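Participant: dropping the sequence and predicted coords here.
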Amino acid sequence: MSFLGIDIGTSGCKASVFSETGEALAFAYDEYDMVKPRPGWLELDPAEVWTRVKRTIARAVKGAPQNPVTALAVSSMGESMVAVSRDRRILGTSLLLIDRRGEEYLPLLSSRIGAEALYRINGNVLGIQFSLPKLMWIRDHTPEVYSGAWKFLLWSGFVSFMLGADPVVDYSLANRTLLFDVDAGGWSAEIAGAAGIDLGKLPDPVPAGARIGTVSGPIADELGLGRGTAIVAGCHDQCANAVGCGVTEDGLGMSGMGTYLTIVPVFSGRKPPERMMRLGLNTEHHAAPGRFVSFIYNQGGLLLKWYRDTFARAERDAAVREGRDIYAELIREIPPGPSSVVVLPHFTVTGPPEFITDSSGVIAGLKVETTRGDILKGVMEGVVFYHKALVDASAECGITLRELRAVGGGSKSDAWLQISADILGRPLVRTRVSEAGCLGVALLAAAGTGAFRSLEEGVRTMVSLGERFEPEPARQRLYAERFEKYRALWPLMRDYLRK
């Protein structure tokens, strides 16, 4: 018996088979390209992605022939939707969160609903990235797709539906549409009415981990799955990552160290909306029953990639040819103490609390003796300083963080984990399973079909933790002083950068 976790991302899909003890038995990955029909438009071709997803699932299943898959679940990016017919035909393309279509509807939504009312219902701050303004654009600009669609499915629900499940959406992904009532656990007639959206075209919301069907016979035969393989409702990919590293209880948080560094704290009960809104923090159902999450994020690995490509392009190319880890080599150059430079990580649009679009990155303190190692460490520190400001401020909302579990490419770096622990003043623990998202939904599949009495029992059984990085008191004190210099930089330069 084994469990299959599937993850659908913006640029690729993953599938991993896990044993009942959490051992990774097989893994497969495939990529696909974003489609850019014109400037500002970015979408996926659902038919092409579905073909790649099936191929990925088949490869993963074939890699674990001795352990037949009994249940599966799917995690996915949020916001983007796919229009389908009742007989499982794909209609139209899938607009990605970074697609600008629908931007013209934001003033209308703001005036009809209001920011505070929207947050009290849905737990999000109005923005172009969500599904609702894009649905309004589809309704008005491609009416044949809107009228012909039976359901608009989020990607987790779309893949599950194409495998044979009922057309549903879990609470965490439903939240990313802006149409979901967080407290009621259902669609908001008030928001849909203000936007002119037909709620009949949306799937039924269900809790993550609910059993939603079985893989159809023909699809099971095509992919090498057993007929009757159970399908369980998955969740938003950030929630799946959190479950996959055991972050299901109050006081724990996930630190996703990828292209963006995202801290996901877990908490019980809704927090004061006015305070959450002031900090730009959303409220979303976690995949763990009775828990909520929020997202603290900004540029992370994206800036290390910029540094690598700007300061070490030739070394990067040589490392690729010779199969070496260029990041590990560059990090060996960083100084032992805090950097002599302070970096403002505004290289592109920032995350909460301000979601700044009209700034730019700053490296302050450059001198003739500054080394590129100083600059690299300044970049790493600046990324964590950005998060520290919001991690500390979130305490006033009643969100506490006593420990972080690290996943993603950046979590492979001992140096970055120690920098994070010293700046944040909280221990970071590395997980042993690199594909935490796939493990998270595999856990949902296991618990949802009775392999464990609860998700928590499954986490205790299947999640394995690795090295622990504790804050070092002397460095903590140095970074506390450095943090004050960092905090002064944006207020001092705000007007200048905006000009």
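Facilitator: Nice, I can see it.
Participant: I'd assumed Gly378 was in a helix, is it?
Facilitator: Yes: the assignment for Gly378 (DSSP: H, G, I helix; E, B strand; the rest coil) places it in a helix.
Participant: contact partners for it?
Facilitator: Ser339, Ser340, Val341, Val342, Val343, Ile363, Gly365 (Cβ atoms under 8 Å, 6 or more residues apart in numbering). Every C-beta, even on glycine, is put in place using the N, C-alpha and C of the backbone.
Participant: just the buried ones from these?
Facilitator: Ser339, Ser340, Val341, Val342, Val343, Ile363 (16 or more other Cβ atoms under 10 Å).
Participant: does the fifth one really touch Glu381, like I thought?
Facilitator: Yes: with contacts defined as Cβ atoms under 8 Å, Val343 counts as touching Glu381 at a distance of 6.9 Å.
Participant: what about the helices in the stretch 101-250 of the chain?
Facilitator: Secondary structure of the stretch 101-250 of the chain (DSSP state H, counting those that start in this stretch): helices at 106-113, 115-122, 131-141, 143-148, 155-163, 171-175, 189-195, 217-223, 237-244.
Participant: pick the most deeply packed of those helices.
Facilitator: helix 237-244 (a mean of 30; mean count of other Cβ atoms under 10 Å).
Participant: helices or strands next to it in the packing?
Facilitator: strand 2-8, strand 69-76, strand 252-257, strand 260-267, strand 292-293, strand 403-407, helix 436-448 (3 or more Cβ pairs under 8 Å, 6 or more residues apart in numbering; DSSP states H and E).
Participant: let's have those in JSON lines, adding mean neighbour count, mean pLDDT and distance to Trp416.
Facilitator: What follows is the helices and strands packed on helix 237-244, written out as JSON lines (neighbours: other Cβ atoms under 10 Å; pLDDT from 0 to 100; distance: least, Cβ to Cβ, whole Å):
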{"stretch": "strand 2-8", "mean neighbour count": "29", "mean pLDDT": "97", "distance to Trp416": "23"}
{"stretch": "strand 69-76", "mean neighbour count": "29", "mean pLDDT": "97", "distance to Trp416": "25"}
{"stretch": "strand 252-257", "mean neighbour count": "28", "mean pLDDT": "95", "distance to Trp416": "7"}
{"stretch": "strand 260-267", "mean neighbour count": "24", "mean pLDDT": "95", "distance to Trp416": "9"}
{"stretch": "strand 292-293", "mean neighbour count": "24", "mean pLDDT": "97", "distance to Trp416": "23"}
{"stretch": "strand 403-407", "mean neighbour count": "23", "mean pLDDT": "95", "distance to Trp416": "9"}
{"stretch": "helix 436-448", "mean neighbour count": "32", "mean pLDDT": "97", "distance to Trp416": "17"}
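Participant: show me what the longest helix along the chain is packed against.
Facilitator: Taking DSSP state H as the criterion, the chain has its longest helix at helix 473-498. Helix 473-498 is packed against strand 342-344, strand 362-364, helix 372-393, helix 414-424, with contacts defined by 3+ Cβ pairs under 8 Å, 6+ apart.
Participant: rewinding a little: what would the helices of the stretch 101-250 of the chain look like in a markdown table with distance to Ala71 and mean pLDDT?
Facilitator: Shown next, in a markdown table, are these (distance: least, Cβ to Cβ, whole Å; pLDDT from 0 to 100):
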| stretch | distance to Ala71 | mean pLDDT |
| --- | --- | --- |
| helix 106-113 | 39 | 95 |
| helix 115-122 | 31 | 94 |
| helix 131-141 | 28 | 97 |
| helix 143-148 | 33 | 97 |
| helix 155-163 | 12 | 98 |
| helix 171-175 | 19 | 98 |
| helix 189-195 | 33 | 97 |
| helix 217-223 | 13 | 97 |
| helix 237-244 | 15 | 96 |
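Participant: all set now, cheers.
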